[in-house]
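> With the input below, show me the fold.
(one chain, ligands or ions: 1)
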Amino acid sequence: MVTYQSMSGYVSEAISVMNRSKMVLVTGGAGFIGSHLVDRLVSEGYAVRVVDDLSTGRLENIGDHLSRGSVDFVQGDIRDSELIRKCVDGVNVVVHLAALTSVPFSVKNPDLTFDVNVSGSLNLMRSCVKEGVERFVFASTCAVFGDPEFLPVNENAQVNPISPYAESKLLAERYCSGFYERGVLESVVLRFFNVFGPRQGLSEYSGVITRFVDRCRRGLPLVVYGDGLQTRDFVSVFDVVEGVLAAVRSGGVEGEVFNIGSGKATSLNVLAKAVLELAGVDLEIHHEKPRAGDIKDSYADISKAKRLLGFEPRVTLREGLKAIV
Ligand SMILES: NC(=O)c1ccc[n+]([C@@H]2O[C@H](COP(=O)([O-])OP(=O)(O)OC[C@H]3O[C@@H](n4cnc5c(N)ncnc54)[C@H](O)[C@@H]3O)[C@@H](O)[C@H]2O)c1
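Numbering: from 1, shown residues only. Take a look at the predicted model:
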């Protein structure tokens, strides 16, 4: 089903005239990160179109924009060539977030993961080339590093994906650089670390913070896979959105790959205790056996993003947790 919501002239007075003439297509724009990006793009005065198959995304996430008619919404699949060609028509910039994002799901469903994350991305990039899109910003992941060879991990570190999800993202990254090197598409690759914030979906495959908060609400013990000493780089979705916006706007960053994280390491045990403390509940922490495809330690060197994108994470883990616990 394809639903077009009309693109009305809702534009705040404060926005710049320049943005008004730019149209951004956000794939996966009804999802967690995508919907926050849509909020920000609309507030900056961009014309925004979203394509999403609503497999994990929700219309409520962009409901305000739909009721005001400030966003075009197309329900559909990024693997559908005809649909994507229409979506890309008239678009200046594409931010490609649509993907199957779960590591455990990808271990169980590698074919589907490759189909959506690799073939879907390639389909989109081909349409972008045909329609003369000016910039293609691709959401990749820190999972491409596997267990990083050094920490904090920078963009030059060896990649070593250890799950079908990570492998699929790396392949899509390679298409981005291939298209860029052939001079047909200005791509920018962003490797997000562990993004958290409001609207993060809750399912058996959710990120750890969403699962912890849900267990607190239900008065159930928090489940940590492994000994809990493994570290992650938790970055607020609001900071990630600023990084994406910079990648949309900055000159001279075509063909580049950037880490987008907080630059700080937090162990899952520390995270679990912080969530319990902020929620004001006294629950046990249960340790279960490590999951296939999960990595041991990871945190980002973000100096390149700071230097070239002006990226500066502002939301601390504690502040970010307070807002959602
Ligand atoms: N959340 C994180 O911590 C994190 C970390 C690293 C990378 N990323 C990447 O960021 C992007 C956004 O992730 P998110 O956390 O917002 O996940 P999400 O699941 O909330 O968003 C993905 C969106 O893509 C849509 N989608 C999935 N398959 C589609 C298809 N075939 N056609 C059209 N739409 C489809 C979903 O409905 C959803 O709205 C993904 O590419 C993900 O790999 C996220």
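> Val91 reaches Gly132, doesn't it?
No: Val91 is not in contact with Gly132 according to Cβ atoms under 8 Å; the separation is 9.5 Å. Yep, even glycine has a C-beta here, placed from its N, CA and C like the rest.
> So for those two, which sits in the more crowded spot?
More crowded of Val91 and Gly132, by other Cβ atoms under 10 Å: Val91, with 20 against 11.
> For the more buried one, give me phi and psi.
Reported as degrees, to the nearest 10, the phi and psi values for Val91 are phi -90, psi 140.
> Got the phi and psi for the closest residue to it other than its chain neighbours?
With Cβ to Cβ, 6 or more residues apart in numbering as the criterion, Val91 has its nearest non-adjacent residue at 4.4 Å, and that residue is Leu25. Main-chain dihedrals, Leu25, degrees, to the nearest 10: phi -100, psi 120.
> give the contact list for Leu25.
48-51, 87-88, 91, 93-95 (Cβ atoms under 8 Å, 6 or more residues apart in numbering).
> ok, and which of those reach the ligand?
Val51 (Cβ under 6 Å from any ligand atom).
> need the contacts of Leu25 in a markdown table with pLDDT and secondary structure, can you?
Converted to a markdown table, the contacts of Leu25 look like this (pLDDT from 0 to 100; DSSP: H, G, I helix; E, B strand; the rest coil):
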| residue | pLDDT | secondary structure |
| --- | --- | --- |
| Val48 | 98 | strand |
| Arg49 | 98 | strand |
| Val50 | 98 | strand |
| Val51 | 98 | strand |
| Cys87 | 98 | helix |
| Val88 | 98 | helix |
| Val91 | 98 | coil |
| Val93 | 98 | strand |
| Val94 | 98 | strand |
| Val95 | 99 | strand |
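> I'd like to know which of the contacts of Leu25 is nearest to Phe234.
Of all the contacts of Leu25, Phe234 sits closest to Val95, with 21.7 Å by Cβ to Cβ.
> In contact with the closest one, which residues?
Counting by Cβ under 8 Å, 6+ apart, Val95 touches 24-27, 34, 37, 137, 139, 244, 248.
> how about 7 Å then?
Going by Cβ atoms under 7 Å, 6 or more residues apart in numbering, Val95 touches 24, 26, 37, 137, 244, 248.
> again, but for Gln158
Here Gln158 is in contact with Glu149 (Cβ under 7 Å, 6+ apart).
> cool, and Asn92?
22-24, 133-134.
> Report pLDDT for it.
If you check Asn92, the pLDDT there is 98.
> tell me the phi and psi of it?
Here is the backbone geometry of Asn92 (degrees, to the nearest 10): phi -90, psi -40.
> now that we have the contacts of Asn92, which one has the most neighbours?
Val24 (26 neighbours).
> Now that it has come up, it's in contact with Tyr46, right?
Yes: Val24 is within contact range of Tyr46, at 4.9 Å (criterion: Cβ atoms under 7 Å).
> which parts of the longest helix seen in the chain are buried?
Taking DSSP state H as the criterion, the chain has its longest helix at helix 164-181. The neighbour-count check on helix 164-181 (16 or more other Cβ atoms under 10 Å) flags 164-173, 175-176, 179-180 as buried.
> now do stretch 49-56
49-53, 56.
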